[in-house]
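Need the 3D shape of this:
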Amino acid sequence: MPDNGTERRKNLRIPFQIDVSTSNSRSGYLQTYDISSYGMFVKTDAPLPLDSKVFVSFKVPDNPIPIKCYARVAWVNNASTDKNKPGGMGVQFLSLSEFDEKRLDKFLDTLYKESGRQGSDELIEIDSEEFTLFDFSPIIKESLDERSKKLLGYINDMKSKGSHTYRRQLISSSGSRVTIFDETIGKEREMIMMGSNNYLGLSAHPRVVKAAEDAIAQYGVGAGSVSLLAGTFDLHKRLEKKLAELKGTEDAIIFPSGYSTNVGCLSAILRDRDLVALDRLAHASIIDGSMLSNSKLRTFKHSDMKSLNDVMERNKDIEGTKLIAVDGVYSMDGDIAPLPEIVKIAKEHNAMVMVDDAHATGVIGKMGKGTTSHYDLEGEVDIIVGTLSKAIGQLGGFVASSKEIVNYMRYFARSYFFSTSLPPVVVASVLESIAVMETEPHLHKQLWENIEYFKGILVSLGFEIVENTQSAIIPVIVGEETMLKKMSARLHEEGIYVNPVPYPAVPRDKTRFRISVMATHTREDLDTTLEVFEKVGREFGIIGSKKSIINQQ
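As a prediction, this is how the structure comes out:
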């Protein structure tokens with residue numbers, strides 16, 4: 001185990017200038033700004049694009065043998081953007097030899113001690129603008145102790161700069177306007193909510209709240225057991241029947257969460273002799289469930305039917321079950337899967353189709369029935385997965401399918417039979433939410449009026465919106481992550497609650513704000529949000545200076 005000084009030094013970039021040559025440099029040696037055992041910042045007016053590979057060579061003092069390795073461009077700073085730091089690129093070492101690593105560590109340990117810094121009990125100082133969450137992931141070579149301490153320093157630095165807009169404390173219902181306790185100012189404040197999946201506003205609908213109150217009076221608040229034993233109430237049976245009716249299937253099964261639904265479903269129905277073909281942008285829970293199943297996992301390019309067909313052709317000799325799994329609405333881009341073509345390819349290759357309707361239920365299709373309804377494909381999809389936590393406004397997930405497949409999952413889906421049932425109060429709320437969805441069609445109509453209005457003005461202002469987004473999710477592309485963090489802080493200051501999505505959830509050059517539109521947003525809510533986005537967008541130069549058209553509609 002390294003001593004405190006070594007451990008502390010490994011986690012900290014130390015300012016130091018060293019001449020370094022890179023494979024892309026045409027002007028001789030460049031110079032470092034700082035260095036650590038993890039990487040270095042190289043000053044240059046011509047930084048490479050993010051994720052580029054570069055070969056670096058440099059010498060540490062008192063050692064004539066150069067250290068050489070490949071590195072990855074992890075971040076880029078334009079001097080015009082941040083006047084406090086030089087222009088250049090931060091590179092992460094990828095292939096240091098054990099010999100070079102020991103030499104660098106020895107040099108940095110000396111440098112660290114000369115700097116007068118103290119032991120590892122101090123908070124680790126991390127400049128959050130130089131890192132992404134990926135840099136602390138389990139695949140990084142440092143120990144858990146090192147990674148977790150670095151991550152804490154990263155989060156603390158983001159908080160100190162006002163760019164940590166995660167885990168904000170709501171102290172009201174998740175409506176179109178929310179009250180939060182704002183830790184940056186130390187008091188309560190109102191914000192316009194543009195980050196909730198409560199698309200129809202059902203989580204606080206009066207009918208739903210009343211149903212919950214009645215259920216508590218009759219059933220209490222907990223289920224008390226797993227569904228297979230003593231945890232099935234009459235409400236659970238009613239909800240299973242209702243969900244099957246909603247999705248046009250024979251039966252349905254309820255899980256405690258959307259994540260456990262996909263994990264439980266896929267790990268139950270697939271085995272090592274089977275094939276699962278996934279869209280590369282499918283939900284993480286679909287990927288995890290497929291990996292747990294030990295089936296032959298293959299991916300195809302996002303919504304690319306040639307790529308899907310190629311995958312199926314290459315694996316046509318597999319004798320087991322073949323399953324194509326996609327999202328109905330993709331959570332980061334807001335686009336809809338080309339289901340008719342997917343179903344066609346599945347039939348040609350004797351494969352089943354599974355659609356995750358998490359962000360589709362309540363939003364697309366007739367009265368919000370989902371993706372199969374949107375395409376008039378009821379009965380053509382083998383397995384429909386969904387959540388009860390988005391447009392339905394509650395908690396849990398479900399699988400709607402044939403009675404045989406549903407029955408099989410009741411006995412073999414581990415996340416189902418090893419989890420306590422959804423509380424009756426939640427189930428009663430879900431039942432009433434679906435009833436509201438079916439009897440108050442103006443909510444669905446208003447949602448789409450709000451989506452089209454908001455998206456249209458964002459585009460007209462010059463914001464880059466993900467192409468083909470066709471749902472309540474509107475992704476606004478920012479690009480460089482430092483700008484995303486700074487814009488996030490500004491939007492928060494201006495009273496807009498919106499979720500920043502950084503790398504590795506999306507590509508490095510496609511970081512974004514994922515805006516979620518609700519049926520309960522008033523025109524004032526939308527216009528105020530648009531005005532703030534326009535103001536902040538111009539401040540950071542991601543839109544031009546054309547005249548605003550807000551309130552001219």
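
Poorly predicted segments of the stretch 301-450 of the chain, please.
By pLDDT under 70, the stretch 301-450 of the chain has no low-scoring segment.

for the chain, where's the lowest mean pLDDT among helices and strands?
helix 4-10 (a mean of 40; mean pLDDT, DSSP states H and E).

That one: what's the following helix or strand?
Using DSSP states H and E, the helix or strand that directly follows helix 4-10 along the chain is strand 14-15.

list the buried ones in the next helix or strand after that next one?
Going down the chain from strand 14-15, the next helix or strand is strand 19-22, by DSSP H and E. For strand 19-22, the neighbour count (16 or more other Cβ atoms under 10 Å) marks 20, 21, 22 as buried. No exception for glycine: its C-beta is placed from N, CA and C like everyone else's.

Over to residue 408: give its phi and psi.
Main-chain dihedrals, residue 408, degrees, to the nearest 10: phi -60, psi -40.

ok, now how distant is it from residue 356?
In this view, residue 408 and residue 356 are 19 Å apart by Cβ to Cβ, to the nearest Å.

Among the two, which residue is more densely surrounded?
residue 356 (30 against 15; other Cβ atoms under 10 Å).

residues in contact with that one?
Neighbour list for residue 356: 262, 282, 283, 286, 325, 326, 327, 328, 385, 386 [criterion: Cβ atoms under 8 Å, 6 or more residues apart in numbering].

hmm, who's touching the longest helix belonging to the chain?
Under DSSP state H, the helix in the chain containing the largest number of residues is helix 442-461. With Cβ under 8 Å, 6+ apart as the test, helix 442-461 has contacts from 199-202, 362-363, 367-368, 436-437, 465, 469, 471-472, 474, 476, 515, 517-521, 523, 526, 529-530, 533-534, 537, 543, 546, 548-550, 553.

Now restrict these to buried residues only.
199-202, 362-363, 367-368, 436-437, 465, 469, 471-472, 474, 476, 515, 517-521, 526, 529-530, 533-534, 537, 543, 550.

Filter these down to the ones in helices?
Checking the buried ones among the contacts of helix 442-461 against DSSP H, those in helices are 436, 437, 526, 529, 530, 533, 534, 537.

ok, now which ones touch the fifth one?
With contact set as Cβ under 8 Å, 6+ apart, residue 530 has these partners: 454, 457, 458, 461, 550.

and if you look at the fourth one?
Contact criterion Cβ under 8 Å, 6+ apart gives 192, 194, 454, 496 as the residues in contact with residue 529.

Mark which of the contacts of residue 356 are part of helices, please.
262, 286.

Tell me the bridge partners for residue 324.
Beta-bridge partners for residue 324, by DSSP bridges, are residue 277, residue 353.

That one: how many residues sit nearby?
Using other Cβ under 10 Å, residue 324 has 25 neighbouring residues.

Quickly note the distance from residue 176 to residue 195.
11 Å.

secondary structure class for residue 381?
Secondary structure, DSSP: H, G, I helix; E, B strand; the rest coil: residue 381 is coil.

Let me have the contacts of residue 529 in TSV, extended by secondary structure.
As requested, these are arranged in TSV below (three-state DSSP):
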residue	secondary structure
192	strand
194	coil
454	helix
496	strand
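
Out of these, the closest to residue 75 would be?
Nearest to residue 75 among the contacts of residue 529: residue 496, at 25.9 Å, using Cβ to Cβ.

Surely the closest one is in contact with residue 192?
Yes. Counting by Cβ atoms under 8 Å, residue 496 does reach residue 192; the two are 5.5 Å apart.

Show me the helices in the stretch 101-250 of the chain, by range?
Along the stretch 101-250 of the chain, the stretches classed as helices by DSSP state H, counting those that start in this stretch are 144-160, 206-219, 234-247.

Can you tell me which of these is most buried?
Counting by mean count of other Cβ atoms under 10 Å, helix 234-247 has the highest mean neighbour count of the helices of the stretch 101-250 of the chain, with a mean of 19.

Could you check how far the helix or strand following that one is from the centre of its chain?
Where DSSP H and E defines the elements, the next helix or strand beyond helix 234-247 is strand 251-255. Relative to its chain's centre, strand 251-255 lies at 25 Å (Cα atoms, centre = their mean, to the nearest Å).

mind exporting strand 251-255 as CSV, just the C-alpha atoms?
In CSV, the C-alpha atoms belonging to strand 251-255 read as follows (Å, rounded to 0.1, in the frame of the first residue of the first chain):
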residue,chain,number,x,y,z
ASP,A,251,-50.9,-10.8,-19.6
ALA,A,252,-48.4,-8.6,-17.7
ILE,A,253,-46.1,-8.8,-14.7
ILE,A,254,-45.1,-6.0,-12.3
PHE,A,255,-41.6,-5.3,-11.1
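
elements contacting it?
helix 234-247, strand 397-401, helix 403-412, helix 414-417 (3 or more Cβ pairs under 8 Å, 6 or more residues apart in numbering; DSSP states H and E).

partners of that strand in the sheet?
For strand 251-255, pairing defined by DSSP bridges yields strand 397-401 (antiparallel).

Restricting to C-alpha, output the partner strand in PDB.
Only the C-alpha atoms of strand 397-401 are listed here, as PDB (Å, rounded to 0.1, in the frame of the first residue of the first chain):
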ATOM      1  CA  GLY A 397     -42.000  -1.400 -14.100                       C
ATOM      2  CA  PHE A 398     -43.800  -4.100 -16.100                       C
ATOM      3  CA  VAL A 399     -43.500  -6.700 -18.900                       C
ATOM      4  CA  ALA A 400     -46.500  -7.200 -21.100                       C
ATOM      5  CA  SER A 401     -46.400 -10.400 -23.300                       C
END
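
Run through who's touching it.
240, 243-244, 246-247, 249-262, 265, 358, 382-389, 405-406, 409.

at 6 Å instead, please
243-244, 247, 249, 252-255, 257-258, 261, 265, 383-387 (Cβ atoms under 6 Å, 6 or more residues apart in numbering).

what do you get for stretch 312-328?
Residues outside stretch 312-328 that contact it (Cβ under 6 Å, 6+ apart): 273-279, 282-283, 286, 337, 342, 346, 349, 351-357, 360, 371.

Output the below-cut-off pLDDT ranges for the chain.
1-12, 24-28, 78-85, 114-123, 545-553.

Domain map for it?
Listed by automatic domain parsing, the domain ranges of the chain are 4-117, 204-439, 443-539.

Just put the ones you listed in JSON lines and tack on distance to residue 128.
Output for these, formatted as JSON lines (distance: least, Cβ to Cβ, whole Å):
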{"stretch": "domain 4-117", "distance to residue 128": "11"}
{"stretch": "domain 204-439", "distance to residue 128": "22"}
{"stretch": "domain 443-539", "distance to residue 128": "7"}
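
for the ones you listed, which one sits closest to residue 157?
Closest among the domains of the chain, using Cβ to Cβ: domain 443-539, at 10.2 Å.

Centre of the chain to the closest one, how far?
With Cα atoms, centre = their mean, you get 15 Å for domain 443-539.

now the end-to-end length of that domain.
Start-to-end span of domain 443-539 (Cα to Cα, to the nearest Å) is 35 Å.

what about residue 275, distance to residue 267?
Between residue 275 and residue 267 the computed distance is 15 Å (Cβ to Cβ).

how many other residues sit next to the closest residue to residue 496 other than its chain neighbours?
Using Cβ to Cβ, 6 or more residues apart in numbering and skipping residues adjacent in sequence, the residue nearest residue 496 is residue 532, 5.1 Å away. For residue 532, the neighbour count with other Cβ under 10 Å is 19.

Nothing else from me, thank you.
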